[in-house]
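> one predicted model, sequence on top.
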Amino acid sequence: GKGVPQPTSPNPPGGVWDLRPRRGQIDGSQHHEVVVYTNHEGDQRVRARRPARQEERLMGRDREFDIVVWGATGFVGRLAAQQLAARCKNGIDLRWAIGGRDQAKLEAVRSGLGPDAADIPIITGDSHAAASMAALADRTEVVCSCVGPYAKYGSELVAACARSGTHYCDLAAEAHWIRRMIDDHAAEAERTGARLVHACGMDTIPSDLGVAVLQGAARERFGGPCRIVRMRVTELSGGFSGGTAGAMLHGFEAGRDDPTIRQGMIEPYFLCPEGQRDGPEQPGKLMSVTVEYDEHLKAWTKPFFMGPMNTKIVRRTNALLDYPYGKDFRYEEARLVGDGWSGRLKAHAGALGFGAFGVAVASPPTRRLLKRYVLPPPGEGPSQEVVERGQWEIVLVAEHDEGGVIKVPVAGVGAPSAMSSSRM
């Protein structure tokens, strides 16, 4: 899509190319990673090979599946299954399955994937049963979990993957739950070799990798990273799924009894490793209504509802990688509105609306009304037309101490929390 940085090494041959890692064998014995460039006409060219390291190989163990899409009957889970089915139809050799609680619903999902997917296996299980999740984890190399709210449905699966050495990713944006999963399972995952990766959708891939790209450019141009990076959302459309709404509502409901939920929302370094939870950022308000003017982009900004989650992941990345952005690194996110008095008024109105929505969700009576009449129920989401017509664009901006300004745009086509997240 537009705004996606093109690879610089190796350079793909002319046109618009999609860079995907493929797994293959050379001389019938040694596993390799093969980089295949595919253009819009379907032409493919192999441009680079290297032996895969032992710990990187998916095929290192005798497991039944490479990937299981767990929660495939949910709104984003169905889209993720569609993405995998389309890629396999285009020639990717992958042993994969769909899974969930309801056999009949899973069969309906499979039937919607087309005739080429008619033989895709179905796995049923109970997200709350440790034995059921252990059996699932033992059968596959990777689990892609789409079962939000994760604090309600995801914990047993993470534990099972950590024990089994099964790689795991999800779309979680529930900071308190992610913190608990890290504390409970990181040590065992290191021992077994499992990679447990949270927030692998719109929360938080564009922000996390966008900052990495920007800081890489800063080091190349100026010899060091930028101390302050700001992300601005310039476009966002396409609605959101019932799972996203459910996670938000569950967080507010559970927050009455669990103080770590509120703590996870306002503490900037909440997801950083123990002993590394200090820095220049101060705790924020639960529902900020701050309006600011962005001098670089010449427009007013209002709060961005995903900012509290995305910023924590970016700071965690900086800590885990031993501070390549510096220990004085600061990062913030906001939604760009417009310039002049009209932009300022719209920003204030949007910020107040954001705060009012937060108050409504926090209050049980209005939360019930939102749940009943406004927000999509679990398993549902926007119409297909809205999902396909949705789009998003962000720009990351930083001014280096040497005086130069770097801007990195990242964009995607399709509803951000649905279509784009399923691709990610």
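Arrived safely.

> low-confidence regions, this protein specifically.
The chain contains residues with pLDDT under 70 at 1-60, 90-91, 240-257, 260, 285-288, 378-379.

> what's the longest helix in it?
helix 340-362 (DSSP state H).

> so which residue is dead centre in the protein?
Nearest residue to the geometric centre of the chain (C-alpha atoms, centre = their mean): Gly201, 2.1 Å.

> what number of residues lie near the residue nearest to it when sequence neighbours are not counted?
Computed as C-beta to C-beta, 6 or more residues apart in numbering, the closest residue to Gly201 that is not its neighbour in sequence is Ser421, at 3.2 Å. C-betas here are computed from N, CA, C, even on glycine. Ser421: 25 surrounding residues under other C-beta atoms under 10 Å.

> how far does stretch 283-301 stretch from start to finish?
20 Å (C-alpha to C-alpha, to the nearest Å).

> got it, and stretch 389-409?
End to end - C-alpha to C-alpha - stretch 389-409 spans 20 Å.

> surely the residue nearest to the centre of the chain and Ala415 touch.
No - applying C-beta atoms under 8 Å as the test, Gly201 and Ala415 come out as separate, 11.2 Å apart.

> check contacts around Gly326.
224-225, 227, 318 (C-beta atoms under 8 Å, 6 or more residues apart in numbering).

> which one of the residues you listed sits closest to Gly239?
Distances from Gly239 to the contacts of Gly326, taken as C-beta to C-beta, are shortest for Asn318 (31.8 Å).

> residues in contact with the closest residue to that closest one other than its chain neighbours?
Excluding the flanking residues, the one nearest Asn318 by C-beta to C-beta, 6+ apart is Tyr325, at 4.7 Å. With contact set as C-beta under 8 Å, 6+ apart, Tyr325 has these partners: 211, 215, 225-226, 229, 318.

> and with 7 Å instead?
By C-beta atoms under 7 Å, 6 or more residues apart in numbering, the residues touching Tyr325 are 215, 225, 318.

> just the element for it, please.
Under DSSP states H and E, no helix or strand contains Tyr325.

> can you tell me how far it sits from Ile406?
The gap separating Tyr325 from Ile406 is 13 Å, by C-beta to C-beta, to the nearest Å.

> for Gln282, state which of the contacts of Gly326 is nearest.
Arg227 (15.9 Å).

> does the closest one touch Tyr323 like I think?
No - taking contacts as C-beta atoms under 7 Å, Arg227 lies outside contact range of Tyr323: 11.7 Å.

> helices or strands next to whichever strand or helix holds Ser132 in the packing?
For Ser132, the host element (DSSP H and E) is helix 130-139. If contacts are counted by 3 or more C-beta pairs under 7 Å, 6 or more residues apart in numbering; DSSP states H and E, helix 130-139 sits against strand 65-70, helix 155-164.

> after it, which helix or strand is next?
Sequence-wise, the next helix or strand downstream of helix 130-139 (DSSP H and E) is strand 140-145.

> give the pairing partners of that following strand; include direction for each.
Partners of strand 140-145 in the sheet, by DSSP bridges, are strand 65-70 (parallel), strand 167-170 (parallel).

> okay, those strands in JSON lines with distance to Gln276 and mean neighbour count next?
Shown next, in JSON lines, are the strands paired with strand 140-145 (distance: least, C-beta to C-beta, whole Å; neighbours: other C-beta atoms under 10 Å):
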{"stretch": "strand 65-70", "distance to Gln276": "31", "mean neighbour count": "23"}
{"stretch": "strand 167-170", "distance to Gln276": "23", "mean neighbour count": "24"}
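
> quick check: which of those strands is nearest to Gly154?
Among the strands paired with strand 140-145, the nearest to Gly154 by C-beta to C-beta is strand 167-170 (6.6 Å).

> residue ranges of the strands in the stretch 201-350 of the chain, please?
For the stretch 201-350 of the chain, the strands defined by DSSP state E, counting those that start in this stretch occupy 228-237, 292-294, 299-302, 330-338.
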